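Q: need the 3D shape of this:
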Amino acid sequence: MSAGTLVRQSVRGATALRGGRVWRPTPYQAVGFLFFLVMSLAYFAVPLCCDAGQHAAVVERLKADLLHPRHPMADLPGSGSAYYSPYALAQGVFARLTGLGGWEVVRLAGPLNLLVLLTGLGRFVRVLTPRPRPWAPVLALGAMTLLWGTERAWWSGYLGLMSMTGNLGYPSTFAIGLTFWAWALTGARARDVRRVRYVGPSGLRGLPGYAGLGALYGLILLVHPITSVGAALGAVALVAGWQRGWRHGGHGGRYGWRGRRDGWRGPVVGRWALTGAVALVAATVWPYFDVFALAGDDSVDGMHRVLYLHLPGEFWLALLGLPALWARGRRSARDPLVLMFALDCAVVAYGWFSGHYTYGRILGLTLVPLQFALAVELAAPRPWGRWRATLGWAATAGALLGFLTVHAGAVVPRALDPVGFEQPPNWPTYEWAARHIGPGEVVITDGYYAGHAIAGYGPNLAAPAWPDPSLDERERGRRVADVEAYLAPGSTRAERAAVVRRYHVRWLLLTRWQPVPEEAVVVAWSERTGEVLARVG
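A: Numbers count the residues shown, from 1 in each chain. From the prediction side, this is the model:
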């Protein structure tokens, strides 16, 4: 968040000894603090769901072995799994030091990720507004969380108010927060003519800062590779839009220096080349997986096709930012937000036409230029002209519509809900089953919820629910087929025994519709879902 305001006033006594300065929070500090409290409470009130089981499983495997973790969901080697990032490693260390389980660590990561996100947002919006506009980050926060669509968009990396109740603890949220910080630092270096003025033949001033910025981009690449695509596009837009080759031209100009654009001189290119090189080196030396091998991995493209199927309903309210983005483009065709939006749209379009639907994961970041351009435009001091006033009313109506149709259920308690707002997902938990299953023991399940959640408590699955680069997709397909054959109504006891031996299965976690095999012994069952835990082998 931005720094608070120091106000000088006439005072007496002890306060006068401190220079009469009284600290007052900025609008963003006040609103951001309240948002942090409300969103954290909403996050803790909703059961973890969806991808959380996978991330909890990653923590459990690192807790068991930091240096050589097993596959997140199967009794297999985990070498090459992209889930073992620096972020996950830090969580694994924390779990070992505290004794907490994977689910608890993922849950506690939510407020930390939210803090990184809020502070990064505040810094980035300040870079977009060189003239003080204290309400710009407040409006940017509102636009980012409310201006999506009138259909629920729930996916990792989507930061609408509703989806935040589920994904604050995910690596994608942390990576987006780091991305805002990286963009703020990149924009500051590209825009600040005083920082980048000509300093002699060596041009070495500030090189450690550029190297550190490269390490930050490398960290984003390792923590959440698909978010790093959007981060890199944003960096290109900021540098292409704002970077100038400034030479000392005497006094004058807005910054006290009068410069002229000399193009991409050697020192300018060298500084940004250093940033890129450090980012690549940082990602290359990470020992747990080869991040660049993911570029050719299409195993998850199919599951991401759904991202493209409901674009109008999920995102149309963000288009309220198009007039503001158009106005920025008219003022400067090289405006970074305009370039960022164009680059993001090009990558999203490439994902659709090429069939690499995973690139649709940057759709959340694609909306940021629209949302932030709108916020900056509406933070302009009054009096407003008719155009800006109309835009303000439209944005207000859009935010209210988005809140009532999608997001209200995220923060309005059920007891105070007057109309029955749509609520976040309410997945069951599996502590009742996990207490009987030893760490690393193998489970067969036919349940969607159980298949995505049980590994987060420490057990393994005979057939992992998610693709992973550490497991050949053909092998995962064979495992899925074997599990389906085991659960088939016509399977024989001998056929089931062969599957049990092949994958060292110890447990069955079955929905109430799935008959329990005659050789299995029921150990526990869930009153909520009717699921049954049975022992085999």
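
Q: tell me the contacts of residue 171?
A: Going by Cβ atoms under 8 Å, 6 or more residues apart in numbering, residue 171 touches 55, 85, 87, 88, 223, 224. (C-beta placed from N, C-alpha, C; glycine too.)

Q: how does it look with 10 Å?
A: 51, 55, 58, 83, 85-88, 91, 106, 109, 113, 156-157, 222-224, 227 (Cβ atoms under 10 Å, 6 or more residues apart in numbering).

Q: low-confidence regions, the stretch 151-300 of the chain specifically.
A: 192-205, 244-264 (pLDDT under 70).

Q: quick one: the helices in it, in order.
A: Ranges of helices in the stretch 151-300 of the chain, per DSSP state H, counting those that start in this stretch, are 161-167, 171-191, 207-223, 225-242, 266-284.

Q: pull the CA atoms of the shortest one into PDB?
A: Coordinates of the C-alpha atoms in helix 161-167 are reproduced here as PDB (Å, rounded to 0.1, in the frame of the first residue of the first chain):
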ATOM      1  CA  LEU A 161     -14.500 -11.200  -5.100                       C
ATOM      2  CA  MET A 162     -16.300 -14.600  -5.200                       C
ATOM      3  CA  SER A 163     -13.300 -16.600  -6.500                       C
ATOM      4  CA  MET A 164     -11.100 -15.000  -3.900                       C
ATOM      5  CA  THR A 165     -12.900 -16.900  -1.200                       C
ATOM      6  CA  GLY A 166     -11.500 -20.100  -2.700                       C
ATOM      7  CA  ASN A 167      -8.100 -19.300  -4.300                       C
END
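
Q: what's the spacing between it and its chain's center?
A: Relative to its parent chain, helix 161-167 has a centroid offset of 11 Å by Cα atoms, centre = their mean, to the nearest Å.

Q: returning to what we had before: wait, which of the helices of the stretch 151-300 of the chain is closest to residue 442?
A: Residue 442 sits nearest to helix 171-191 of all these, at 26.2 Å, using Cβ to Cβ.

Q: from the chain's centroid, how far away is that closest one?
A: Its chain's C-alpha centre lies 12 Å from the corresponding centre of helix 171-191 when counted by Cα atoms, centre = their mean.

Q: repeat for stretch 295-304
A: Put simply, stretch 295-304 sits 18 Å off its chain's centre (Cα atoms, centre = their mean).

Q: touching that stretch from outside, list them.
A: Where contact means Cβ under 10 Å, 6+ apart, the residues beyond stretch 295-304 that reach it are 82, 155, 225-226, 229, 294, 351, 354-361, 466-469, 471-474, 476.

Q: now with 8 Å, please.
A: With contact meaning Cβ under 8 Å, 6+ apart, stretch 295-304 is reached by 355, 356, 357, 358, 360, 361, 466, 467, 469, 473.

Q: first to last residue in that stretch, what's the distance?
A: End-to-end distance of stretch 295-304 (Cα to Cα, to the nearest Å): 15 Å.

Q: before we move on, back to that, which of the contacts of stretch 295-304 fall in helices?
A: residue 473 (DSSP state H).

Q: from the contacts of stretch 295-304, which is closest to residue 141?
A: Looking across the contacts of stretch 295-304 and measuring by Cβ to Cβ, the closest to residue 141 is residue 361, at 22.1 Å.

Q: what's the burial count for the residue nearest to that closest one when sequence neighbours are not counted?
A: Residue nearest to residue 361 in three dimensions, not counting chain neighbours: residue 226, with 4.3 Å by Cβ to Cβ, 6 or more residues apart in numbering. By other Cβ atoms under 10 Å, the residues close to residue 226 number 21.

Q: could you do residue 212 as well?
A: Using other Cβ under 10 Å, the number of residues around residue 212 comes to 12.

Q: likewise for residue 439?
A: Count around residue 439 with other Cβ under 10 Å applied: 13.

Q: kindly report the same for the one 10 residues further on.
A: Residue 449 has 20 neighbouring residues, counting by other Cβ under 10 Å.

Q: please identify the helix or strand for it.
A: According to DSSP states H and E, residue 449 maps onto helix 448-453.

Q: report the buried members of the contacts of residue 171.
A: Buried subset of these (neighbour count, 16 or more other Cβ atoms under 10 Å): 51, 55, 58, 83, 85, 87-88, 91, 106, 109, 113, 156-157, 222-224, 227.

Q: ok so residue 509 is a helix residue?
A: No - according to DSSP: H, G, I helix; E, B strand; the rest coil, residue 509 belongs to no helix; its state is strand.

Q: so who does the nearest residue to it once chain neighbours are set aside touch?
A: Taking Cβ to Cβ, 6+ apart, and ignoring the residues beside it in sequence, residue 509 has residue 445 as its nearest neighbour in space, at 4.1 Å. Contact partners of residue 445, counting by Cβ under 8 Å, 6+ apart, are 451, 454, 461, 508, 509, 510.

Q: how many residues are close by the nearest residue in space to the fourth one that is not next to it in sequence?
A: Just to be clear, that refers to residue 508. Nearest residue to residue 508, sequence neighbours excluded (Cβ to Cβ, 6+ apart): residue 534, at 4.5 Å. Per other Cβ under 10 Å, the neighbour tally for residue 534 reads 18.

Q: I'd guessed residue 293 sits against residue 470; true?
A: No - counting by Cβ atoms under 8 Å, no contact exists between residue 293 and residue 470, whose distance comes to 11.0 Å.

Q: more neighbours: the two, which one.
A: Shown here are residue 293 and residue 470; by other Cβ under 10 Å, residue 470 has more neighbours (22 against 11).

Q: can you map out the strands along the protein?
A: Taking DSSP state E as the criterion, the chain carries its strands at 5-8, 21-24, 442-445, 460-461, 505-510, 521-525, 532-535.
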